[in-house]
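Colleague: can't give you the sequence, but here's the structure:
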């Protein structure tokens, strides 16, 4: 779901209607991705208690993961790979790695 949101965010940001340089578009896309990722990872109440991470964790998740996945998508588009699949696999791999690390 998150990868889909970023996929359409990329399409909107890099639409030919916007009169921006490629560098400006990339910066806007990274900032947009970071903000969306931050909002999606804010702690929510779950059965009366907050989830395990805090707002500061959500900021770190948003900045690191949002930037990483937006750059992965951007690079795969430029190198003519399958950007959605590449980013989804990268996202799934990082989530899986974090789940494994949480049990250690």
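Modeller: Looks like it arrived, so ask away. Quick caveat: nothing in here was measured; it's all calculated off a predicted structure. Residues are numbered from 1 along each chain as shown.

Colleague: CA atoms for contacts and neighbours, from now on please.
Modeller: Noted.

Colleague: so where's this protein uncertain?
Modeller: 1-7, 9-11, 13-20, 45-53 (pLDDT under 70).

Colleague: Need the nearest residue in space to the residue nearest the centre of the chain, chain neighbours excluded.
Modeller: Nearest to the mean C-alpha position of the chain, by C-alpha atoms, centre = their mean, lies residue 66 at 3.3 Å. Once flanking residues are discounted, residue 66 sits nearest to residue 34: 4.4 Å by C-alpha to C-alpha, 6 or more residues apart in numbering.

Colleague: Name all residues that make contact with that neighbour.
Modeller: 62, 63, 64, 65, 66, 67 (C-alpha atoms under 8 Å, 6 or more residues apart in numbering).

Colleague: got it, and residue 31?
Modeller: residue 67 are the contacts of residue 31 under C-alpha under 8 Å, 6+ apart.

Colleague: Next, it: secondary structure please.
Modeller: Assigned with DSSP: H, G, I helix; E, B strand; the rest coil, residue 31 falls in the helix class.

Colleague: Going forward, count from 18.
Modeller: I'll keep to 18 as the first residue from here, and by that count the last item is residue 48.

Colleague: can I assume the residue nearest to the centre of the chain is in contact with residue 56?
Modeller: No. The criterion here is C-alpha atoms under 8 Å, and residue 83 misses it with residue 56 at 10.8 Å.
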